[in-house]
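[1] got a predicted model here, sequence first, then my questions.
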Amino acid sequence: MNKSPADFPSCEQLIAGVIRPLVRDWHSYHVPSAQGMVKLDAMENPYELPAALREELGRRLAQAPLNRYPVPSYTRLKQEICSKLDVPAGYDVLLGNGSDELISMLSQACSMPGRKVLSPEPSFVMYQISAQVAGLEYVGVPLRADLTLDLPAMLAAMALHRPVITYLSYPNNPTGTLFDAADVLRIVEAAAPYGLVVVDEAYQPFADASLMSALPQFNNLVVMRTVSKLGLAGIRLGYMAAAPALLREFDKVRPPYNINVLTEAAALFVLEHLDTLQAQAAQLCRARTALTAQLAALDGVEVFPSAANFVLIRVPDAEKVFAALVARKVLVKNAGKMHALLQNCLRITVSTEQENAAFLAALQGALEEL
Ligand SMILES: *Cc1c(COP(=O)(O)O)cnc(C)c1O
């Protein structure tokens, strides 16, 4: 009881003895400050809900029973999601605190020593991080140089590694590519003997495509979505549709009250006004078309086709262009650091007409400076 702090191990000693080497070696996920910047780095919807809806939402949230735990079955919210977001009859959804949490639940429920998770790369980094945290091995299969899916390489890697989960971001983040639906279904079929295929449709509101309706054909298909990119990133709500028997297993590793009552109430309210968000998404798709054309017209800029609410471009020197954009108060994502295939690439969230114009002007200035 008379020990002085000096008798205890230092934090460095504790960390060396306690924290897994895998985790010690990671860098913290760095989110740069966007204070005073045009923020085009995180695929957020730039539009707010109209004032009248916000007021009504405020009244609705005021009625949420903050003193009570949520009712953990979330039956009504799940029913509303199923009926309004095209979940096939007989299929159910599981809710997550963002789809990040769903990815982590998938990893936890499937992890066993020696088992593997596979995805094309570059893709969403949480597939790898979450798999490794849960003790699964991760296998990345490079996309082709034009950032399309390399189906033969995928099938060969799957046959070799027999992944328990294969993730396909559809459309893919950070490239914006929409993989061929036939290729995706080939992969679902190939995986059937040993694993699940999770089709991550985070950008579905901006793509003319979804595999939700394919669920009844494949017991091993899971379709995951989020309301984040649609305009509700702040409420943290993701959902995942699959055969109910499968979802019951994943539900066992779900933290019991993972959706808080404010998120639940806000989501129920917004689902009544889905048309507003869908109109915003349609507007962003038109802006994407315009922005893509304007970028393609710039000397030295290569634009990759995108089915999401962001555009990936290649410039002569991404490091310099990124810094020059920051100097002009525009924050995009320097994707060049993410993967060898993305050398000199920047990822830009599609935003309002004004913000897109501000970005274009800044980019032109940055390119002239090179
Ligand atoms: C943004 C994103 C997510 C995460 O969504 P949250 O629901 O906000 O956690 C999942 N998958 C992909 C591909 C994304 O880009």
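    Perfect, thanks for sending it. Numbers count the residues shown, from 1 in each chain.

[2] show me what contacts whichever residue of the stretch 51-200 of the chain sits closest to the ligand?
    Residue of the stretch 51-200 of the chain nearest the ligand, by C-beta to the nearest ligand atom: residue 98 (2.9 Å). Heads up, the C-betas are built off the backbone N, CA and C, glycines and all. Residue 98 makes contact with 226, 228, 236-238 under the criterion C-beta atoms under 8 Å, 6 or more residues apart in numbering.

[3] I figured residue 101 hits residue 238, correct?
    Yes - the criterion here is C-beta atoms under 8 Å, and residue 101 meets it with residue 238 at 6.7 Å.

[4] sorry, back to before: in helices, which of the contacts of residue 98 fall?
    Judged by DSSP state H, the subset of the contacts of residue 98 located in helices is empty.

[5] turn those into a markdown table, including pLDDT.
    As requested, the contacts of residue 98 are exported to a markdown table (pLDDT from 0 to 100):
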| residue | pLDDT |
| --- | --- |
| 226 | 96 |
| 228 | 95 |
| 236 | 97 |
| 237 | 98 |
| 238 | 98 |
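
[6] quick one: which of those is most hemmed in?
    residue 237 (27 neighbours; other C-beta atoms under 10 Å).

[7] which of the three states applies to the closest residue to residue 353 other than its chain neighbours?
    Among residues not flanking residue 353 along the chain, residue 287 sits closest, at 6.6 Å (C-beta to C-beta, 6 or more residues apart in numbering). The three-state assignment at residue 287 reads helix, by DSSP: H, G, I helix; E, B strand; the rest coil.

[8] who's in contact with residue 287?
    350-353, 356.

[9] please work out how many residues are found near residue 217.
    Quick note: residue 217 (other C-beta under 10 Å) scores 12 neighbours.

[10] distance check, it against the ligand.
    Using C-beta to the nearest ligand atom, to the nearest Å, we find residue 217 at a distance of 23 Å from the ligand.

[11] that older thread, any chance of a markdown table for the contacts of residue 98, columns distance to residue 320?
    A markdown table is the format used below for these (distance: C-beta to C-beta, whole Å):
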| residue | distance to residue 320 |
| --- | --- |
| 226 | 33 |
| 228 | 31 |
| 236 | 35 |
| 237 | 38 |
| 238 | 36 |
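
[12] show me the two of the residues you listed that sit farthest apart.
    226 and 236 (8.8 Å; C-beta to C-beta).

[13] up against the ligand, what does the protein have?
    98-100, 124, 169, 173, 200, 202, 226, 228, 233, 238 (C-beta under 6 Å from any ligand atom).

[14] before we move on, what SS does the nearest residue to residue 178 once chain neighbours are set aside have?
    Closest residue to residue 178 apart from its sequence neighbours, by C-beta to C-beta, 6+ apart: residue 307 at 3.8 Å. Following three-state DSSP, we place residue 307 in the coil state.

[15] from memory residue 307 sits against residue 179, does it?
    No - when contacts are counted by C-beta under 8 Å, residue 307 is not listed as touching residue 179 (9.6 Å).

[16] what's the overlap in contacts for these two?
    residue 171.

[17] of those two, which one has the most company?
    residue 179 (23 against 19).

[18] now do the contacts for the more buried one.
    Contacts of residue 179 by C-beta under 8 Å, 6+ apart are 148-149, 168, 170-172.

[19] make it 7 Å
    149, 168, 170, 172 (C-beta atoms under 7 Å, 6 or more residues apart in numbering).

[20] restricted to buried residues, select these in ChimeraX.
    Buried subset of the contacts of residue 179, written as a ChimeraX selection, criterion 16 or more other C-beta atoms under 10 Å:
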select :149,168,170,172
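
[21] in CSV, list the contacts of residue 179 along with secondary structure and pLDDT.
    Formatted as CSV, those follow (DSSP: H, G, I helix; E, B strand; the rest coil; pLDDT from 0 to 100):
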residue, secondary structure, pLDDT
149, coil, 98
168, strand, 98
170, coil, 98
172, coil, 98
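
[22] which one of the contacts of residue 179 sits closest to residue 249?
    Of these, the one sitting nearest to residue 249 (C-beta to C-beta) turns out to be residue 168, at 21.0 Å.

[23] tell me the spacing between residue 165 and residue 140.
    Distance, residue 165 to residue 140, using C-beta to C-beta, to the nearest Å: 13 Å.

[24] who's more crowded, the two?
    Per other C-beta under 10 Å, whichever of residue 165 and residue 140 has more neighbours is residue 165, with 26 against 16.

[25] how about the nearest residue to that one, chain neighbours excluded?
    Excluding the flanking residues, the one nearest residue 165 by C-beta to C-beta, 6+ apart is residue 117, at 4.8 Å.

[26] done for today, thanks.
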